[in-house]
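# Using only what follows, build the 3D model:
(2 chains)
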Protein chains: 2
Amino acid sequence: MTDVTLPFEQLRSFALTVFAKIGCSPEDAALATNVLLSADLRGIDSHGLARLSGYVRLWEAKRINTQANVKVVYETPSTAVVDGDSGLGLVVAPKAMQIAIEKAKVAGTGWVSVKNSNHFGIAGYHAMMALQHDMIGMAMTNASPLVAPTFSTERLLGTNPIAVAVPAKEQPAFVADLATTTAANGKLEILQRKNKTAPTGWIQDKDGNTSTNPHELKDGGALIPLGSDYEHGSHKGYALGSVVDIFSAVLSGANYGPWVPPFVAFLQPPADPVGEGIGHFFGAMRVDAFRPAEEFKTHMDKWITRFRSAKTVEGKDRVLIPGDPEREMEKIRLTSGIPLNAKVVEDLTELGKKFGVNF
Amino acid sequence: MTDVTLPFEQLRSFALTVFAKIGCSPEDAALATNVLLSADLRGIDSHGLARLSGYVRLWEAKRINTQANVKVVYETPSTAVVDGDSGLGLVVAPKAMQIAIEKAKVAGTGWVSVKNSNHFGIAGYHAMMALQHDMIGMAMTNASPLVAPTFSTERLLGTNPIAVAVPAKEQPAFVADLATTTAANGKLEILQRKNKTAPTGWIQDKDGNTSTNPHELKDGGALIPLGSDYEHGSHKGYALGSVVDIFSAVLSGANYGPWVPPFVAFLQPPADPVGEGIGHFFGAMRVDAFRPAEEFKTHMDKWITRFRSAKTVEGKDRVLIPGDPEREMEKIRLTSGIPLNAKVVEDLTELGKKFGVNF
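Next up, the predicted model:
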């Protein structure tokens, strides 16, 4: 197999079929496909089709319920806890975010913590659902423990991302979507495939020394929280990742810290769970719960244009606004297609065979 | 003057008198003193008494109104915008946080964005107000522009801190309080006083090159967002600082980005403001808006004890929980007194003379 670039619609259709084959309703298959492909379009290749066979393996291991009944189990005017019923995170998450949006319509803001879910794709997708309602959207999730707290050699946190989407008027929305680690796991996977070394400050070995070996996690190493080391604020990245874990799982009743079940189906979830599945947290804030929406969006335009036109360091032609690179990538890939790594192509071809679908 | 260590009560009484002398009501003077001294107790010396003369100079420059009428100017069931009426941030902030707490009692959560305020002391104090109500508290603020976005040479953001306080049961609360820069400005001030160099990755010079000179900001340099450089995620620190700026000021109608008025009275605020004063953002979430409070707090205890007992790297005897160092410092300083740098003693002695109070 070699690297190829394929049209969005062809990949979309393939994913739709696979999700239907594992038992998703047409509505849920469409939802899961939209979330998954949005990662490929936006250039976050690690969270797109490259993960499709992983979801299927979790379904085969009976750890994903494709006919989940996603429901509110606890609520107040501005909050809810959602039980994902072991569903695909790709389906549970947009449904939970929609509940946050509905709450915000009435109460000004809506906050939903989710238990009993699975990996939800890219956080940015869910946060951006708020934009069309003139709301600020937030999404976070905990994840398989790969990250060591500052001063520790144990992996107790996931890469626990935070996404915040803010609507503007003429300008495109501000969309921050960041792992609370120095480097996202996806960046490490790229180095592993290319057999390259990692910069110092991304990874530590089993004793907690910084390492440049991207395979270090197989030997008991860990990812390092945003900041790289204590002197450069890794305790801040650790604190942020912890907040994500607490909001996503201690609030909802999901597993937290080292008890979060692994994404890979070949590893068993911990035998002594402290909750159900993995956890997410979503927020929606109506901007007109604070000031008239037009006024807010006009000032966001001013914020964005001021930052984008800031004086740059030599060699850079502009200052980026969070969301700029992904939006530009999406525009290109929608028309020029989505590049897939040879290993992913092989994986998807196998997956197709399993279900009698041509990739 | 030399460094001295003075009892908490003596310093408290001095600050109370000074706030009364500049026109605060007894209630407001007590509030401002509690917030200010809490920084000294918790070991965040840059935000405590060291700043008292700075607040007084702002009052002398007629930029602080010590008889401010702090009021809600816009609201929904779960949100409010508060106009600080140019008041002391040390007074405006706890009043606004109290409004967030009252909202949360009814709606499950409360979110308050504040305009027309001034520097509010340590973010952690305000977030921690939620704890006694079994609520999660959040506090953030924008601040004088000292930080350059990734790839920029311009100072467009403040050190924009985020604080999150989470109640536990038997364990002390989780309290994260972090500047969204690699190093807080206070750490830089310590290096300046001691004439020491800074680690690389904290500061850049006027052209955007990393610098170890702690005086670099006087020559057009800037603080660097959490992450230190692009390869280590400074664009994430930039995104987080931006979110703080937007929540604090674009939502409320305060000044944002480079328009935030400087803390020091000898610098004039920008002549073309885009809003009123500086902005803050507060949140309160009732934990029982998600699950029964006892259940939540029992799991927080489990979270905290698991992380605190994690295996450590060589040379460290334990993994810290956010809030541990500050809480331990507070315990020590309450009994053993608060150490003050000679320059701060000189400053406070001068301040005392101005108002006919013995320091």
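
# report the longest helix in chain A, please.
Secondary structure of chain A per DSSP state H: the longest helix is helix A:89-107.

# what's the angle from that one to helix B:89-107?
Interaxial angle, helix A:89-107 versus helix B:89-107 (axes from the mean of the first three to the mean of the last three C-alpha atoms, to 10 degrees): 100 degrees.

# With just CA atoms, put helix A:89-107 into CSV.
What follows is helix A:89-107, C-alpha atoms only, in CSV (Å, rounded to 0.1, in the frame of the first residue of the first chain):
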residue,chain,number,x,y,z
GLY,A,89,-18.4,8.8,22.0
LEU,A,90,-18.8,10.1,18.4
VAL,A,91,-22.6,9.8,18.9
VAL,A,92,-22.9,10.4,22.7
ALA,A,93,-20.9,13.7,22.6
PRO,A,94,-22.9,15.6,20.0
LYS,A,95,-26.1,14.5,21.7
ALA,A,96,-24.8,15.7,25.0
MET,A,97,-23.6,19.0,23.5
GLN,A,98,-27.1,19.5,22.1
ILE,A,99,-28.5,19.1,25.6
ALA,A,100,-26.1,21.8,26.8
ILE,A,101,-27.3,24.1,24.0
GLU,A,102,-31.0,23.5,24.8
LYS,A,103,-30.3,24.3,28.5
ALA,A,104,-28.5,27.5,27.5
LYS,A,105,-31.5,28.6,25.4
VAL,A,106,-33.5,28.7,28.6
ALA,A,107,-31.1,29.3,31.5
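
# Could you name the helices and strands sitting against that helix?
Judged by 3 or more C-beta pairs under 8 Å, 6 or more residues apart in numbering or on different chains; DSSP states H and E, the packing partners of helix A:89-107 are helix A:26-41, strand A:79-83, strand A:109-117, helix A:123-128, strand A:135-141, strand A:278-286. All C-beta spots, glycine's among them, are computed from the backbone N, C-alpha and C.

# Show residues contacting the second one.
Here strand A:79-83 makes contact (C-beta atoms under 8 Å, 6 or more residues apart in numbering or on different chains) with A:70-75, A:92, A:95-96, A:99-100, A:103, A:110-116, A:251-253, A:276, B:108-109, B:285-286, B:289-291.

# Those, buried ones only, as a ChimeraX selection?
Restricted to buried positions by 16 or more other C-beta atoms under 10 Å in any protein chain shown, the ChimeraX selection for those reads:
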select /A:70,74,75,92,95,96,99,100,103,110,111,112,113,114,115,116,251,252,253,276 /B:108,109,285,286,289,290,291
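
# Run through the helices of the stretch 201-350 of chain A in chain order.
Using DSSP state H, counting those that start in this stretch, the helices of the stretch 201-350 of chain A run over A:234-245, A:293-308, A:324-336, A:342-355.

# quick revisit: now mean pLDDT too, for the helices and strands packed on helix A:89-107, in a markdown table please.
Putting these into a markdown table (pLDDT from 0 to 100) gives the following:
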| stretch | mean pLDDT |
| --- | --- |
| helix A:26-41 | 98 |
| strand A:79-83 | 98 |
| strand A:109-117 | 98 |
| helix A:123-128 | 98 |
| strand A:135-141 | 98 |
| strand A:278-286 | 98 |
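
# thinking residue A:173 is in contact with residue A:166, fair?
Yes. Taking contacts as C-beta atoms under 8 Å, residue A:173 lies within contact range of residue A:166: 6.2 Å.

# Among these two, which residue is more densely surrounded?
Using other C-beta atoms under 10 Å in any protein chain shown, the more surrounded residue of residue A:173 and residue A:166 is residue A:166, with 30 against 22.

# Pull out the buried residues from the helix or strand bottoming out on mean pLDDT in chain A.
Ranked by mean pLDDT, DSSP states H and E, the helix or strand of chain A with the weakest confidence is helix A:185-194, at a mean of 84. For helix A:185-194, the neighbour count (16+ other C-beta under 10 Å) marks A:185, A:186, A:187, A:188, A:191 as buried.

# Tell me the residues of the stretch 1-150 of chain A that contact chain B?
A:74-79, A:81, A:106-109, A:111, A:113, A:136, A:149-150 (C-beta under 8 Å from any C-beta of the partner chain).

# Where does the stretch 151-300 of chain A get nearest to chain B, residue-wise?
Of all residues in the stretch 151-300 of chain A, residue A:208 sits closest to chain B, at 3.3 Å by C-beta to the nearest C-beta.

# Report the contact partners of that residue.
A:148, A:151, A:152, A:153, B:312, B:313, B:314.

# Please report how far it lies from residue B:304.
As judged by C-beta to C-beta, to the nearest Å, residue A:208 and residue B:304 stand 21 Å apart.

# What of residue A:336?
50 Å.

# of those two, who's got more company?
Neighbours were counted for residue A:336 and for residue B:304 using other C-beta under 10 Å; residue B:304 has more, 24 against 11.

# Run through the residues that contact the more buried one.
So residue B:304 contacts B:168, B:171, B:174, B:321 (C-beta under 8 Å, 6+ apart).

# about what we covered before: and which of the buried residues of helix A:185-194 is nearest residue B:51?
Nearest to residue B:51 out of the buried residues of helix A:185-194 is residue A:187 (C-beta to C-beta; 40.4 Å).

# tell me the contacts of the closest one?
Counting by C-beta under 8 Å, 6+ apart, residue A:187 touches A:46, A:202.

# center of chain A, which residue is that?
residue A:122 (2.9 Å; C-alpha atoms, centre = their mean).

# hang on, the earlier thing: what's the most buried one of the helices of the stretch 201-350 of chain A?
Comparing those by mean neighbour count (mean count of other C-beta atoms under 10 Å in any protein chain shown), helix A:234-245 comes out on top with a mean of 27.

# what mean pLDDT does that one have?
The average pLDDT within helix A:234-245 is 98.

# ok, residues contacting it?
A:140-142, A:147, A:149-150, A:157-162, A:180-182, A:224-228, A:256-257, A:279, A:281, B:162, B:164, B:166, B:174, B:176, B:178-180, B:226, B:240, B:303, B:307, B:320, B:322.

# How many residues are close by the closest residue to chain B within the stretch 251-359 of chain A?
Closest residue of the stretch 251-359 of chain A to chain B, C-beta to the nearest C-beta: residue A:313 (3.3 Å). Neighbours of residue A:313 under the rule other C-beta under 10 Å: 15.

# That one and residue B:149 touch, don't they?
No. Between residue A:313 and residue B:149 there is no contact under C-beta under 8 Å: 10.4 Å.

# residue contacts, the residue lying farthest from the centre of chain A?
Centroid-distance maximum for chain A: residue A:314 at 32.7 Å, with C-alpha atoms, centre = their mean. Neighbouring residues of residue A:314 by C-beta under 8 Å, 6+ apart: B:207, B:208.

# Now with 10 Å, please.
Contacts for residue A:314 (C-beta atoms under 10 Å, 6 or more residues apart in numbering or on different chains) come out as B:153, B:207, B:208, B:209.

# now the residues you listed: which count as buried?
Buried among the contacts of residue A:314 by 16+ other C-beta under 10 Å: B:153, B:208.

# could you dump the contacts of residue A:314 to CSV with pLDDT?
As requested, those are exported to CSV (pLDDT from 0 to 100):
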residue, pLDDT
B:153, 98
B:207, 97
B:208, 97
B:209, 96
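
# what about residue A:9, neighbour count?
Neighbourhood size, residue A:9 [other C-beta under 10 Å]: 11.

# how much space between it and chain B?
Look at residue A:9 and chain B: by C-beta to the nearest C-beta, to the nearest Å, they are 32 Å apart.

# Remind me what the host helix or strand of that residue packs against, helices and strands.
Residue A:9 belongs to helix A:8-21 when assigned by DSSP states H and E. Using 3 or more C-beta pairs under 10 Å, 6 or more residues apart in numbering or on different chains; DSSP states H and E, the elements in contact with helix A:8-21 are helix A:26-41, helix A:52-60, helix A:89-107, helix A:324-336, strand A:338-340, helix A:342-355.
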